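> A structural model of the following input is requested.
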Amino acid sequence: MQIILMHSRFTQAKSVTLSSRHVIAGFLVFLLVSMFCGALMAGLTLRLAGADMPFVRQLVPAVHVDDPLAKDRYVKENLAAMATKLGEMQAQLIRLDALGERVQGLAGVKPEEFNFKELPGRGGPEVASAPATELNLSEFQAALDAMAKDVEHRSDYLNVVETQLMGFKIKSKLLPTIQPVNVAYNASGFGWRLDPFTGRSAFHEGIDFSGPTGTPIVAAAGGVVIAAEYHPQFGNMLEIDHGGDIVTRYAHTSKIYVKLGDIVKRGQHVADIGSTGRSTGAHLHFEVRVKDVPQNPHKFLSAGANQANQDNLATFSPK
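Here you go, the predicted structure:
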């Protein structure tokens, strides 16, 4: 190969003859220089990865940096990240404990049976054949992340359970389950009986509570007053709508203290026992109607008594 060189300083053109050996030697020199520059740039990149370029460190996580200061900084950064994650988990656990205590109260679980403040007992035999392994930093970080997700899922689940239990609690408050008068017995039960005026068999659609005139009558559940008027048969009559097509009727009262459209609370004093209308003496005629069909009030009152007993047991804690 012949190369001709021309320049204004030259009086005449000069030529250089290159053999194949010259070409190969030049190529090898170029290759060595390129490899040296590449190695130099790679070393500089890895040093920066251990110091101020975390994104590069993520691309080459398996490379170990010999600089002890860089290693110490790397460990501190990971500890700071794990401390932040641990703080978030502690806040979630505090929230989870409070939520669990609310759900426990709604479900009627005794505090001594399930205490969120105490660690559960654990144990078991040590298996000598199983090899003991220690977690490295990446495995510990993975376990911490998995636990954080599990705590979050449990919290969401408890929120759903609390919502459902609260709904059941509200519905139970709207059921007529407390006795409307504080008397020891009822004078006439639900079902077929002899009519006190005609002596013929007739169906009694409620129960009669006998008591002195003026004895307080309370609402068996919360609801809205839909009738507060005088009825030819029931005398001074009060009806309360509790929702869900459930209505309670209080008849033969001497005095009514609420009016049409009033919202009454469970246990609120709404009337007094009397003997108005078709009555032989002072008493309360109490009915529970579902979709205008008379129901035996004892079914509701018995359920209320059982629930009250369960609540008392749940709140009782021996000293």
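
> Now stretch 235-247: buried residues?
235, 236, 237, 238, 239, 240, 242, 246, 247 (16 or more other Cβ atoms under 10 Å). C-beta coordinates here come from the backbone N, C-alpha and C atoms, glycine included.

> just the strands in the stretch 201-319 of the chain please.
Counting by DSSP state E, counting those that start in this stretch, the stretch 201-319 of the chain has strands at residues 201-204, 207-210, 216-218, 223-231, 235-241, 246-256, 263-264, 269-273, 283-290, 293-295.

> Kindly provide the whole-number mean pLDDT of the longest one.
The predicted model assigns strand 246-256 a mean pLDDT of 96.

> quick one: that strand to strand 283-290, angle?
Per axes from the mean of the first three to the mean of the last three Cα atoms, to 10 degrees, the angle that strand 246-256 makes with strand 283-290 is 160 degrees.

> List the buried residues in strand 246-256.
Residues of strand 246-256 classed as buried: 246, 247, 248, 249, 250, 251, 252, 253, 254, 256 (neighbour count, 16+ other Cβ under 10 Å).

> just checking, the third one touches residue 290?
No: checked against Cβ atoms under 8 Å, the pair residue 248 and residue 290 is beyond contact range at 10.5 Å.

> Does the closest residue to residue 261 other than its chain neighbours have any beta-bridge partners, and if so which?
The spatial neighbour of residue 261 that comes closest, neighbours along the chain excluded (Cβ to Cβ, 6 or more residues apart in numbering), is residue 225 at 6.3 Å. Here residue 225 sits in beta bridges with residue 240, going by DSSP bridges.

> So residue 225 versus residue 90, what's the distance?
51 Å (Cβ to Cβ, to the nearest Å).

> same question, residue 165
Distance from residue 165 to residue 90, by Cβ to Cβ: 26 Å.

> Between these two, which has more neighbouring residues?
residue 165 (17 against 10; other Cβ atoms under 10 Å).

> What helix or strand is the more buried one located in?
Using DSSP states H and E, residue 165 maps to helix 137-173.

> what's the following helix or strand past that helix in contact with?
Once the chain leaves helix 137-173, the next helix or strand it forms, by DSSP H and E, is strand 186-188. By Cβ atoms under 8 Å, 6 or more residues apart in numbering, the surrounding residues in contact with strand 186-188 are 204, 207, 208, 209, 210, 283.

> export the residues you listed to JSON lines and tack on pLDDT and neighbour count?
Output for the contacts of strand 186-188, formatted as JSON lines (pLDDT from 0 to 100; neighbours: other Cβ atoms under 10 Å):
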{"residue": "204", "pLDDT": "93", "neighbour count": "17"}
{"residue": "207", "pLDDT": "95", "neighbour count": "22"}
{"residue": "208", "pLDDT": "94", "neighbour count": "22"}
{"residue": "209", "pLDDT": "94", "neighbour count": "24"}
{"residue": "210", "pLDDT": "92", "neighbour count": "17"}
{"residue": "283", "pLDDT": "94", "neighbour count": "25"}
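
> low-confidence ranges in the stretch 201-319 of the chain?
Applying pLDDT under 70 to the stretch 201-319 of the chain flags the ranges 304-319.
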